[in-house]
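# heads up, no residue letters with this:
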């Protein structure tokens, strides 16, 4: 078998083909919660069931006020130019110089590295994915007040599979709120239950799609019809809560956020954990893999879980 | 005294000068609730006090399900092209042909004319303003799902005074929700208490400002600093509720709305009532008055209040 026919074979056997001429709904082929619940799990049995059913979980008051303050201060220092940041790791708001995203968070901050390793974050991810986990992507998000732009509905897995070569649905995102988020300042919105099917999106991936999709995604998004159907069936939940709230969501849960004209900014620290057994291959729906600040392609380094206070 | 010196005199005595080089905060010179409360008033004493304090009031379940259905059907018929509409009375969504606004609502629909005259709408306006009332402006608003754009913070009175020549703060808006509005589909947001000061906005009015300001307002809006101060002091309330909910707000209450990526559209019928004693003069902060679909400039015709079912 030549390399080319091997690659054709791999793509033919792909359970989640996307970026084809038509949109398709396909059933999920993977579990959502990969571990059997046990009393020493980092979630209650009810929380694990809820994650399985809804595709997300909102955890309040799991960090102390001191921990949250330390994380907020660290975030401010990184955004305000008090730290040297790696080239190419910063994305600005469309039409302004304001910092919207800083990638490679644990690599650039020991406190965020500690957070990412915590049992309350990575420990839950390891439990949900039933495997050792590594960080697929990490970032600090900041959506300013007054002019924060919307982020349109999408499944992360659709992009990670098509553009990064993530084989299966065995990854979970953890978003730690660093500002108080109410329903008015553009919170993350999720469609509960949407993770149970794969919406294969229509349209070929443009070259270097990520250069525009990080500001405004246009390929790899479900149709209005599909989104209307999902929202009518399942509704939409806003992930609101005080700073320190942790939002965990499955890689295939459809989510997005509205813009924000309120004076109140929105910020979070965001980590994607992937199972080490689910490491990246070649992209399934793009010619070239995305750069490594978006998708860790090296040998997976399992996160060593830490317990106790962050700082 | 020449006409020109009379006009200079009028502008010099203006208690609400705006569109000057600098932003200014000025105290409100007018009452908010102009009638003494009596048991036969169309609001309870508590509701009247609340309007006085917050600058708005949200009334639920004052229309029957049949009335709401009839208004929704009428709205759909007007938007879907089943009715002939007056030239220049329709505004479309930026970047699409979808109908965003239809002006001159009572003139184009007998049902909406009846609604505007109802004791539950015009009757409350007459009570709040302590005078006979006429319709200064009316419109049907439709903000589509998925692509609904934001509308930035502003005081209506600032524009009506500067661009339409409304002398004093003695007008009230009534918005009847025609869709269920939750916090996620871009509801009207109001800053309670903001009506108690006048924020004179910086910057000269461009000629024909309304042609762009109806899609995106850029002159006549408070600074980030002013909005941040108001929101920190008073907070922000989202006017949410089921279809049929009536939102009344003072002409000087700062309000706006976020965009809407949810599949759920947002629609309302909107009437501005002005006291007949407060009829329009020449604009206080613009060279030319706006067209009459935005501001009724003829002899005020007092609304004849009707009671009983709408339809």
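All right, it came through fine. Computed from a predicted model, the values in this text were never measured in an experiment. Numbers count the residues shown, from 1 in each chain, chains lettered A, B, ... in the order given.

# in stretch A:201-213, what counts as buried?
By neighbour count on 16 or more other C-beta atoms under 10 Å in any protein chain shown, the buried set for stretch A:201-213 is A:201-203, A:205, A:209-210, A:213. C-betas here are computed from N, CA, C, even on glycine.

# mind checking the SS state of residue A:152?
With DSSP: H, G, I helix; E, B strand; the rest coil as the basis, residue A:152 sits in strand.

# number of nearby residues for it?
19 (other C-beta atoms under 10 Å in any protein chain shown).

# then residue A:149?
By other C-beta under 10 Å, neighbour count at residue A:149 equals 20.

# and the next helix or strand past the helix or strand containing residue A:247?
Using DSSP states H and E, residue A:247 sits in strand A:246-250. Downstream of strand A:246-250, the first helix or strand assigned by DSSP H and E is strand A:255-257.

# for the stretch 101-250 of chain A, what spans make up the strands?
Taking DSSP state E, counting those that start in this stretch as the test, the strands found in the stretch 101-250 of chain A are A:133-143, A:151-154, A:171-177, A:188-190, A:197-200, A:237-238, A:246-250.

# packing partners of the first one?
I take that to be strand A:133-143. helix A:65-79, strand A:99-103, helix A:105-108, helix A:110-117, strand A:266-275 (3 or more C-beta pairs under 8 Å, 6 or more residues apart in numbering or on different chains; DSSP states H and E).

# in TSV, list these along with distance to chain B and mean neighbour count.
Putting those into TSV (distance: least, C-beta to the nearest C-beta, whole Å; neighbours: other C-beta atoms under 10 Å in any protein chain shown) gives the following:
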stretch	distance to chain B	mean neighbour count
helix A:65-79	17	17
strand A:99-103	17	21
helix A:105-108	26	18
helix A:110-117	28	20
strand A:266-275	12	24
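
# worst mean pLDDT among those?
Here the helices and strands packed on strand A:133-143 differ in mean pLDDT, and the lowest is strand A:99-103 at a mean of 90.

# wait, residue A:201 sits on residue A:21?
No: here residue A:201 lies out of contact with residue A:21, judged by C-beta atoms under 8 Å, at a distance of 10.8 Å.

# ok, which pair from the buried residues of stretch A:201-213 is furthest apart?
A:202 and A:210 (18.8 Å; C-beta to C-beta).

# residue A:146 and chain B, how far apart?
Residue A:146 sits 6 Å away from chain B, going by C-beta to the nearest C-beta, to the nearest Å.

# identify the residue nearest that residue in space, chain neighbours excluded?
Spatially, and ignoring its direct neighbours in sequence, residue A:146 is nearest to residue B:224 (5.5 Å; C-beta to C-beta, 6 or more residues apart in numbering or on different chains).

# pull the number of nearby residues for that neighbour.
14.

# quick one: contacts for it?
A:145-146, A:263 (C-beta atoms under 8 Å, 6 or more residues apart in numbering or on different chains).

# again, 10 Å this time
Listed by C-beta atoms under 10 Å, 6 or more residues apart in numbering or on different chains, the contact partners of residue B:224 are A:144-147, A:263, B:153.

# cool, and residue A:167?
A:10, A:14-16, A:30, A:160-161, A:274-275, A:277-281, A:284.

# please report which of those residues has the highest neighbour count.
residue A:161 leads the contacts of residue A:167 on contacts (other C-beta under 10 Å) with 32 neighbours.

# and that residue, how close does it get to chain B?
For residue A:161, the distance to chain B - C-beta to the nearest C-beta - is 23 Å.

# what sits against that residue?
A:14-19, A:155, A:167-169, A:171, A:198, A:200, A:220, A:251-252, A:280-281, A:283-286.
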